[in-house]
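Q: need coordinates for the below:
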Amino acid sequence: MKGLVPDVPIQHIFRGIIPFWIAMILCVILPIAFPQIARFLPQTKVQ
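A: Numbers count the residues shown, from 1 in each chain. So this is what the prediction gives:
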C-alpha cells in the first residue's frame, strides 16, 4: 500500500484497516459462540 500512496503515513493505512479486521474476527467468533447461527439455513433445507 505504501508504494501506491507514498504521501500517506503507514500508521494511517493500518488504522483504516482496523474496522475490517474487527469485522473478520467477529465473523469467526460469532459462529463459534452461537453455532445455531451457522446451522440455521442448512436445517431449513433439510426439513
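Q: which elements pack onto the helix or strand in which residue 22 is found?
A: Element membership for residue 22 (DSSP states H and E) is helix 10-33. Judged by 3 or more CB pairs under 8 Å, 6 or more residues apart in numbering; DSSP states H and E, helix 10-33 is in contact with helix 35-46. Every C-beta, even on glycine, is put in place using the N, C-alpha and C of the backbone.
Q: tell me what the helix it packs on is packed against?
A: Looks like helix 35-46 contacts helix 10-33 (3+ CB pairs under 8 Å, 6+ apart).
Q: give me the mean pLDDT for the helix it packs on.
A: Mean pLDDT, computed over helix 10-33, is 94.
Q: the most centrally placed residue in the chain and residue 12, how far apart?
A: The centroid of the chain falls nearest to residue 24 when counting by CA atoms, centre = their mean (1.5 Å). With the distance defined as CB to CB, to the nearest Å, residue 24 ends up 20 Å from residue 12.
Q: what number of residues lie near residue 13?
A: Residue 13: 13 surrounding residues under other CB atoms under 10 Å.
Q: before we move on, what about residue 31?
A: If you count neighbours by other CB under 10 Å, residue 31 ends up with 13.
Q: what sits closest to it if chain neighbours are left out?
A: Nearest non-adjacent residue to residue 31, counting by CB to CB, 6 or more residues apart in numbering: residue 38, 4.2 Å away.
Q: these two touch, right, the one you found and residue 29?
A: No: here residue 38 lies out of contact with residue 29, judged by CB atoms under 8 Å, at a distance of 11.9 Å.
Q: neighbours of residue 9, just the number please.
A: Residue 9 sits with 10 neighbouring residues when counted by other CB under 10 Å.
Q: what angle do the helix holding residue 22 and helix 35-46 make?
A: Helix 10-33 and helix 35-46 meet at an angle of 60 degrees, taking axes from the mean of the first three to the mean of the last three CA atoms, to 10 degrees as the criterion.
Q: ok now stretch 35-47, how far from the chain's centre?
A: Centroid separation for stretch 35-47 versus its chain: 22 Å, with CA atoms, centre = their mean, to the nearest Å.
Q: any residues touching it, and which ones?
A: Applying CB atoms under 8 Å, 6 or more residues apart in numbering, the contact partners of stretch 35-47 are 30-31.
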